[in-house]
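# pasting the structure only:
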């Protein structure tokens with residue numbers, strides 16, 4: 001019996017040794033992918049003056065990753081269930097590594113756009129493969145905890161990646177963080193090759209060998225449409241604030257570039273604790289209940305955060321910690337709940353389409369944010385509070401959609 005079939009049949013509350021290894025590898029992998037995307041936000045304060053670009057141009061540099069990832073994910077959906085997931089993961093991860101290296105040697109704004117687009121083509125698909133692997137290896141009753149552990153990659157990028165990236169950027173320029181990510185990714189790739197076992201139990205199902213038919217059947221499945229919409233909106237809100245968060249912290253809250261890493265460090269330390277805890281809570285008390293609680297907390301904190309002016313460093317740290325706790329309380333249960341939506345033979349395609357919608361909606365959100373936000377001489381941002389109010393509306397709409405996702409999973413077929 002394969003590792004994934006053993007895991008799928010395991011209803012115990014403890015992880016097997018191989019499951020622990022798989023979680024560690026997936027979290028380490030997610031660390032590099034998340035960091036590669038997130039590093040663009042704090043580097044905004046370096047990139048805009050270095051390349052002499054406007055906030056709108058920087059918004060495009062962020063969103064080109066999302067748009068290319070969205071297109072790539074959509075095209076990959078037709079093939080996502082036809083290959084061993086480990087092989088598929090290695091293919092896209094090697095492409096991601098090469099593209100990240102190109103970002104590290106970019107010398108002009110157009111070449112950076114090209115490199116970020118290429119990074120999105122490969123990196124944007126990896127998240128959907130990881131989610132499919134999680135659903136293959138772990139029963140639904142354990143997925144909240146697994147998502148919580150995997151999402152500690154986000155926290156690790158806050159604690160280790162972003163502060164180190166900012167340190168490197170401060171001393172050797174904005175190219176250095178991308179070279180660091182490429183080097184770490186090479187090590188992760190070797191771990192995947194050595195320790196991750198083939199993941200192919202889904203190939204035992206009868207899968208449509210016509211990629212176009214498989215894609216269309218998944219993308220047009222009525223039971224999936226609400227989940228797709230909820231996923232897209234869940235991403236939209238977050239992408240509106242993220243691209244300009246570092247510039248807002250530096251120029252509006254008046255936190256120096258030297259102190260900016262402390263903000264990310266404090267947020268990341270707390271996230272390492274909250275991620276697994278939220279995963280356990282969602283498994284114990286219900287994914288949707290946890291999601292609603294996280295939505296309420298996020299709305300409250302977004303309004304506070306986007307209206308801050310000059311603020312002491314300790315207050316900025318506390319606000320960020322509580323805000324990201326709310327965001328995690330939405331993201332983790334939403335991922336666990338959505339993993340129960342597709343049937344086994346369409347799981348890879350569903351995750352790929354879902355990831356594609358996330359990226360595209362995030363790209364639009366970044367462009368909208370770049371249009372709404374204006375920059376005063378000296379760098380201070382205007383209308384950031386408007387983005388906060390837009391995000392509140394999106395969060396409420398997403399909560400309503402997730403209610404129907406939860407209801408469909410419980411009433412129609414139960415978790416997969």
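Structure's in. What do you need? Small disclaimer: the values here were computed from a predicted structure and weren't measured.
# buried set for stretch 269-280?
270, 271, 272, 274, 275, 276, 277, 278, 279 (16 or more other Cβ atoms under 10 Å). C-beta here means a position set from N, CA and C on the backbone, and glycine is covered the same way.
# Might one say that the third one is in contact with residue 149?
Spelled out, that is residue 272. No. Residue 272 lies out of contact with residue 149 (Cβ atoms under 8 Å); the separation is 10.0 Å.
# Which residues are in contact with each of those two?
Residues touching both residue 272 and residue 149 (Cβ atoms under 8 Å, 6 or more residues apart in numbering): there are none.
# quick one, strands of the stretch 301-416 of the chain?
Under the criterion DSSP state E, counting those that start in this stretch, the stretch 301-416 of the chain contains strands at 374-375, 381-382.
# Below-threshold pLDDT in this structure: ranges please.
1-13, 154-155, 158-160, 162, 202, 205-211, 238, 412-416 (pLDDT under 70).
# show me the biggest helix of it in terms of residues.
The residue-count maximum for a helix in the chain (DSSP state H) belongs to helix 109-137.
# now residue 107: how far from residue 175?
Residue 107 sits 9 Å away from residue 175, going by Cβ to Cβ, to the nearest Å.
# Of the two, give the one with the bigger neighbour count.
Between residue 107 and residue 175, counting by other Cβ atoms under 10 Å, residue 175 is the more crowded of the two (19 against 9).
# For that one, list the residues it contacts.
Residue 175 is in contact with 103, 104, 105, 106, counting by Cβ under 8 Å, 6+ apart.
# got JSON lines for those, with distance to residue 322 too?
Formatted as JSON lines, the contacts of residue 175 follow (distance: Cβ to Cβ, whole Å):
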{"residue": "103", "distance to residue 322": "32"}
{"residue": "104", "distance to residue 322": "34"}
{"residue": "105", "distance to residue 322": "39"}
{"residue": "106", "distance to residue 322": "36"}
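# Which of those are buried, as a PyMOL select command?
To isolate in PyMOL the members of the contacts of residue 175 that are buried, counting by 16+ other Cβ under 10 Å, one can use:
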select buried, resi 103+104+106
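# Between the contacts of residue 175, which sits nearest residue 328?
Comparing the contacts of residue 175 against residue 328 with Cβ to Cβ places residue 103 closest, at 27.2 Å.
# Next, give phi and psi for that closest one.
Here is the backbone geometry of residue 103 (degrees, to the nearest 10): phi -60, psi -30.
# Likewise for residue 78?
Residue torsions, per degrees, to the nearest 10, at residue 78 are phi -70, psi -20.
# Hmm, it is touching residue 346, no?
No. Judged on Cβ under 8 Å, residue 78 makes no contact with residue 346 at a distance of 11.0 Å.
# Where do the helices of the stretch 151-300 of the chain begin and end?
152-156, 162-172, 176-195, 211-219, 222-241, 245-251, 260-285, 287-305 (DSSP state H, counting those that start in this stretch).
# and of the ones you listed, who's closest to residue 311?
For these, proximity to residue 311 was assessed by Cβ to Cβ; helix 245-251 is nearest, at 8.9 Å.
# what sits up against the closest one?
Residues from elsewhere that reach helix 245-251 (Cβ under 8 Å, 6+ apart): 41-45, 48, 55, 255-257, 260, 263, 316, 375, 378-381, 384.
# what residues are shared contacts of residue 78 and residue 346?
Counting by Cβ under 8 Å, 6+ apart, the contacts common to residue 78 and residue 346 are residue 214.
# In stretch 82-95, which of the residues would be classed as buried?
82, 83, 85, 86, 88, 89, 90, 92, 93, 95.
# In three-state terms, how would the second one be classified?
The three-state assignment at residue 83 reads coil, by DSSP: H, G, I helix; E, B strand; the rest coil.
# quick one on the thing from earlier: in terms of distance to residue 27, which of the buried residues of stretch 269-280 ranks first?
residue 275 (9.7 Å).
# Check the gap between the closest one and residue 268 for me.
Computed with Cβ to Cβ, the distance linking residue 275 and residue 268 is 10 Å.
# go on, residue 125?
26 Å.
# More neighbours: which of these two?
Neighbour count, other Cβ under 10 Å: between residue 125 and residue 268, residue 125 has more, with 30 against 23.
# What's the separation between the nearest residue to residue 108 once chain neighbours are set aside and residue 251?
Excluding the flanking residues, the one nearest residue 108 by Cβ to Cβ, 6 or more residues apart in numbering is residue 51, at 7.6 Å. Counting by Cβ to Cβ, the gap from residue 51 to residue 251 is 18 Å.
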